[in-house]
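**Student:** Any chance you could fold what I've pasted below:
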Amino acid sequence: MKKDSIFIIIPIILIIATAFAYSNSFKNDFVWDDRSFIIESPYIHNLTHWKELFIRNVGYSKGARNNFYRPLYTLSNAINYKMGNGTPFIFHVTNTLLHGMCAALVFILISLISNKKEVAFSTAILFALHPIQTQAVTYIAGRADPMYLVFALTSMILLIRHLNKKSNVSYIFSVLLFIPALLSKESAMIMPLLMLLYFYTIPQYTPEEKKKKIILLIPYFAILGLYILLRTTVLDFSKAAYATLALKDEVIGIRFLTSCKAIFMYLRFLFLPAGFHMETHLPYARSFDNPSTFLAFLGTIGLILFTLTMKKRNRSVFFGLSWFLLSLLPVLNVIYPVNATIAVHWLYLPSIGILFALMTLLYDRLKENRALFISIILIIAFIFGVLTYNRNKNWKDEETLYNSILPYSQTPRVYVNLGNIYARKNEFGKAAFYYKKALDIAPGQTEIYVNLGYIYNTLKEYDKAEKFLKIALRLTPRHANAYYNLGVTYYNMRRYKEAHNVLYKAIELNPSHTFALNALADTYFNLGDPKKAVETLERSLKITPAQPDIADKLERIKKILELDKEG
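**Tutor:** Down below sits the predicted model:
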């Protein structure tokens, strides 16, 4: 086998292995945030809005309020929607292909770093097939992780290629690829630090050479600085976001102790891939009184010290462990609080580092018996592949997913999601039951009151609907969907002036809220202003052209106006 051919054959094998492990996910439905980010988001259905994606938060056109800025991720969803006519198949295939590409890039990167193809292959195959990756691959909305990593790893590989072969073209493309990585997911912000880690760890540069090489990182940090400036000014959506930040109001000590527990929970998931799910939760660690907290603290200190001792003993192990800790740092709530104490998909990038370190240690022990090393890796990879294949079944559809979570976690969000399923099936009694169970746990959660308002409005119990929606607006005065549902309730009660006022408010808060626009058009018509109804429906169709019922309604109202003119 030629030396360079391995960089073609092994990546193809990795992509094929990934495809097999995820093949049963191709028939899975949209679940969780897929509904709001994709199938109910008007900008996803029409590529003419692509420019808007670069100045809005994720899911803006559906009324989502968050601080996620991922325009390329959203654009990829819009392209997939167009390619597959809104079916989930093409989304799943794309996610799997992106993940396979990431595995191939991991192989190439580790080969360049360690110069050990066995270590590179074992790291890449275990990364590709590890069950923890299902939340970033099987879950369509998790695409941002493999998508940004394709750009980020390619950028780092091209940088190393430039260092090895003095290729200016590679360097230019490396710098440029950092931009789409950032536009795919915020996690790419850590990449310049990982590149800096590489400079200080792997190449055997003299101090003078190191200073010259570090200059190469200036463009990456300049782009990062500009990105941070934009995200904290014109692209800051935090003020409108619903999501609360975990540990935001806690002292640094509690945040640090909780992060220690998070690190060891992540390690447990990596070594024992079971018991994790979308609602995996980590309680705050408020003192050393809890033995698990104390052990996690000692373990974290021990892990850091062990990592430091590896700097001189084994640079690859030091690099891998440092990669793991450094890439976890942004989501540990220590530097800056994020929206959860733990999330399994946050392991997507860090898992590369820990797997690289472990594979290096194992290979060094078994390098005299490479056949045994490869046999062990293939057995583990097979087990991981089977576990991943089985986990894909939990993501078959929403009802299957949420019921698979309930034995482990009875959180408000799971109950709300189950309520949403039954609401869409028109089983409103069951829907109300699950919403009320969620309300018992989280009485201050706005969305639950909005959902109950919708249910009672559908059941024509308008007084109850009004009551719940007004509570929602007291909790969150700028909630567009609460205004929309209250407007529909008033419309159904034939209180058209009140309906007009609150629907108008919903559109002020979310100008792309087509449902509110359509309801407002009906209100104008019943208030005796068909011209305004026409203008409003035209505005709705401009946002989302694929509304045949609305288009028919528009034509009917136009005919009425023509008859009025003739009469």
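
**Student:** Tell me, please, the helix or strand in this protein that averages the lowest pLDDT.
**Tutor:** helix 207-214 (a mean of 82; mean pLDDT, DSSP states H and E).

**Student:** what bits of the protein have low per-residue confidence?
**Tutor:** 1-3, 240-244, 246, 564, 566-567 (pLDDT under 70).

**Student:** Which parts of it belong to which domain?
**Tutor:** Taking automatic domain parsing as the reference, the chain has its domains at 9-373+391-395, 444-566.

**Student:** want to try a markdown table for those, with mean neighbour count and distance to F384 as columns?
**Tutor:** C-beta coordinates here come from the backbone N, C-alpha and C atoms, glycine included. Shown next, in a markdown table, are the domains of the chain (neighbours: other CB atoms under 10 Å; distance: least, CB to CB, whole Å):
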| stretch | mean neighbour count | distance to F384 |
| --- | --- | --- |
| domain 9-373+391-395 | 19 | 4 |
| domain 444-566 | 19 | 36 |
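
**Student:** Just send the ones you listed back as JSON lines, with distance to N426 too.
**Tutor:** Below are those laid out as JSON lines (distance: least, CB to CB, whole Å):
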{"stretch": "domain 9-373+391-395", "distance to N426": "17"}
{"stretch": "domain 444-566", "distance to N426": "8"}
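
**Student:** I380 is nearest to which of those domains?
**Tutor:** Counting by CB to CB, I380 lies closest to domain 9-373+391-395 out of the domains of the chain; the figure is 6.5 Å.

**Student:** For the closest one, measure first residue to last.
**Tutor:** 31 Å (CA to CA, to the nearest Å).

**Student:** go on, stretch 19-30?
**Tutor:** From its first residue to its last, stretch 19-30 covers 19 Å (CA to CA).

**Student:** List the neighbours of that stretch that are in contact with it.
**Tutor:** For stretch 19-30, the external contacting residues (CB atoms under 8 Å, 6 or more residues apart in numbering) are 38-39, 88-89, 91-93, 95-97, 99-100, 128-129, 137-138, 140, 384-385, 388-389, 392-393, 395-398.

**Student:** ditto for stretch 73-91
**Tutor:** Contacts of stretch 73-91 (CB under 8 Å, 6+ apart): 26-30, 34, 37-39, 43-47, 49-50, 53, 58, 94, 140, 143-144, 147-148, 183-185.

**Student:** CA atoms of that stretch as PDB?
**Tutor:** Taking C-alpha atoms only, stretch 73-91 is exported to PDB below (Å, rounded to 0.1, in the frame of the first residue of the first chain):
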ATOM      1  CA  TYR A  73     -26.300  25.600  10.200                       C
ATOM      2  CA  THR A  74     -29.700  27.100   9.500                       C
ATOM      3  CA  LEU A  75     -28.900  27.600   5.800                       C
ATOM      4  CA  SER A  76     -27.900  23.900   5.500                       C
ATOM      5  CA  ASN A  77     -31.300  23.000   7.000                       C
ATOM      6  CA  ALA A  78     -33.100  25.200   4.400                       C
ATOM      7  CA  ILE A  79     -31.100  23.500   1.600                       C
ATOM      8  CA  ASN A  80     -32.000  20.000   3.000                       C
ATOM      9  CA  TYR A  81     -35.600  21.000   3.300                       C
ATOM     10  CA  LYS A  82     -35.600  22.000  -0.400                       C
ATOM     11  CA  MET A  83     -33.800  18.900  -1.500                       C
ATOM     12  CA  GLY A  84     -36.100  16.500   0.300                       C
ATOM     13  CA  ASN A  85     -39.400  18.400   0.100                       C
ATOM     14  CA  GLY A  86     -39.500  18.700   3.900                       C
ATOM     15  CA  THR A  87     -39.000  15.000   4.600                       C
ATOM     16  CA  PRO A  88     -36.400  14.000   7.400                       C
ATOM     17  CA  PHE A  89     -34.500  11.400   5.300                       C
ATOM     18  CA  ILE A  90     -32.100  13.900   3.600                       C
ATOM     19  CA  PHE A  91     -31.500  15.600   6.900                       C
END
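
**Student:** what about the longest helix in the protein?
**Tutor:** Secondary structure of the chain per DSSP state H: the longest helix is helix 89-114.

**Student:** Helix or strand next in line after it, which one?
**Tutor:** Following helix 89-114 in sequence order, the next helix or strand is helix 117-129 (DSSP states H and E).
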